[in-house]
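J.: mind looking at a prediction? Sequence and model below.
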Amino acid sequence: MSHRRITFILGETPPPRLDKALARDVPEDANLSRTRIMKLIDQGVVSVNGEVQRDPRAVVGEGAKIDIDVEEAQESHILPEDIPLEIIYEDDDLVVINKPAGMVVHPAPGSPSGTLVNALLAHCGDDLSGVGGMKRPGIVHRIDKETSGLLVVAKSDAAHHGLAKQFEAHTVERYYRCLVYGVPDANDPRLRGVKGANFETGNILKLTTGLARHKTDRQRQAVLFNAGRHAVTRARTVARFGTPPVLALMECWLETGRTHQIRVHMAHAGHGLVGDPTYGGKRKLARAALPETLADAVKAFPRQALHAAVLGFVHPVSGEAMRFEAPLPADMADLLATLEPARA
């Protein structure tokens with residue numbers, strides 16, 4: 001197995017732990033994330049002053065010589081599958097996909113094939129230069145199986161490392177469109193009493209909570225306030241439907257990107273997404289508010305009405321600002337067209 005050696009000297013006042021010191025001082029062009037560094041230490045391919053060091057907590061000091069032997073990328077165990085993809089943009093380092101609803105992003109025990117990664121392995125072929133030591137696409141963010149819309153995927157280690165840093169720093173622009181029950185409004189006394197919810201200028205709803213796996217249902221996320229991962233969602237109303245309004249088309253944007261974030265946050269606010277089977281997306285609509293045919297169309301919508309519409313980031317290699325938009329998929333567009341006569 002061929003490999004490359006990365007050699008460098010630790011700079012002044014490094015963090016005392018080996019893993020943190022390497023993450024700080026490893027050359028930028030090595031494209032090694034801290035997670036990858038941890039794996040390399042565990043594999044016994046990191047030497048400090050000529051001696052292999054397997055303890056990530058080992059104490060290191062200024063001037064220590066570091067050698068890291070990195071194996072060339074191996075073939076992935078995931079099988080390529082010839083699945084059509086809607087490619088919005090592609091170059092040597094990354095690809096932007098408009099994912100259809102119903103497609104899982106990454107293989108898992110319940111979805112071993114037919115995923116976006118299987119499709120990308122077939123599409124990219126030998127163009128994958130290796131991500132994390134494996135010839136595979138670099139998944140830096142995901143959207144749920146039944147959510148449609150834009151995803152950026154790394155094809156090289158440099159792109160994977162650079163994109164991951166942007167997502168970690170919350171600098172990636174992500175806007176979603178969703179159809180929800182009710183209409184969030186700053187004048188709603190009920191909503192003003194929801195913990196973690198407040199309104200900003202322009203009737204923009206801001207939701208700030210912690211999110212973590214539900215204690216008893218591992219498929220769900222739960223809202224917490226003294227634990228969990230910090231999560232912030234903002235949302236504004238684009239259109240209202242019904243007399244009085246009982247549905248709203250919302251534009252949501254993420255300050256953070258947690259599992260099910262928009263779905264669980266909007267449900268927490270009392271405005272669950274239409275069609276969401278996990279967070280209560282099947283509600284009765286007031287008979288007087290919508291004609292029966294329209295109410296039936298809403299009830300029959302088969303998935304959460306959520307679409308990742310806008311994705312913006314800085315190209316991790318060229319430094320170019322990039323922004324992409326994807327129109328609503330046919331099922332959501334058709335539902336909104338059906339509801340148009342009831343637009344308030």
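T.: The structure has been received and is ready for your questions. Numbers count the residues shown, from 1 in each chain.

J.: identify the residue nearest Thr237 in space, chain neighbours excluded?
T.: Distances taken as CB to CB, 6 or more residues apart in numbering put Ala248 closest to Thr237, at 5.0 Å, once the chain neighbours are dropped. Any C-beta I mention is one placed from the backbone N, CA and C, and that applies to glycine too.

J.: list the contacts for the one you found?
T.: Contact analysis of Ala248 by CB atoms under 8 Å, 6 or more residues apart in numbering lists Leu179, Val180, Gly182, Val183, Pro184, Thr237, Val238, Ala239, Arg240, Phe241, His271.

J.: where does the prediction get shaky in the stretch 101-250 of the chain?
T.: Confidence mapping of the stretch 101-250 of the chain against pLDDT under 70 gives the ranges 109-110, 126-136.

J.: that older thread, name the element the residue nearest to Thr237 belongs to?
T.: Using DSSP states H and E, Ala248 sits within strand 247-254.

J.: about what we covered before: are any of the contacts of Ala248 buried, and which?
T.: Neighbour counting over the contacts of Ala248 (16 or more other CB atoms under 10 Å) leaves Leu179, Val180, Gly182, Val183, Pro184, Thr237, Ala239, Arg240, Phe241, His271 as the buried ones.

J.: contacts only, for the third one.
T.: With CB under 8 Å, 6+ apart as the criterion, the residues that contact Gly182 are Val246, Leu247, Ala248, Gly270, His271.

J.: in stretch 200-213, which residues are buried?
T.: Ile204, Leu205, Leu207, Thr208, Thr209, Gly210, Leu211, Ala212.

J.: from those, which is closest to Asn49?
T.: Distances from Asn49 to the buried residues of stretch 200-213, taken as CB to CB, are shortest for Ala212 (41.8 Å).

J.: isn't the closest one up against Arg220?
T.: No. Counting by CB atoms under 8 Å, Ala212 stays clear of Arg220, with 10.2 Å between them.

J.: can you map out the helices along this structure?
T.: 18-25, 34-42, 116-124, 157-168, 189-192, 261-268, 292-300, 330-339 (DSSP state H).

J.: so of these, which one's packed in deepest?
T.: Mean neighbours per residue, mean count of other CB atoms under 10 Å, is largest over the helices of the chain for helix 261-268, with a mean of 26.

J.: next, give phi and psi for the residue nearest the centre of the chain.
T.: With distances taken as CA atoms, centre = their mean, His141 lies nearest the centre of the chain, 3.3 Å away. Main-chain torsions, His141, degrees, to the nearest 10: phi -160, psi 160.

J.: circling back to that earlier point, in the strand holding Ala248, what's buried?
T.: Buried residues in strand 247-254, counted by 16+ other CB under 10 Å: Leu247, Ala248, Leu249, Met250, Glu251, Cys252, Trp253, Leu254.

J.: what pairs with the second one across the strands?
T.: Right, Ala248. Val180, Arg240 (DSSP bridges).

J.: give me the distance between Gly202 and Met266.
T.: Gly202 sits 18 Å away from Met266, taking CB to CB, to the nearest Å as the criterion.
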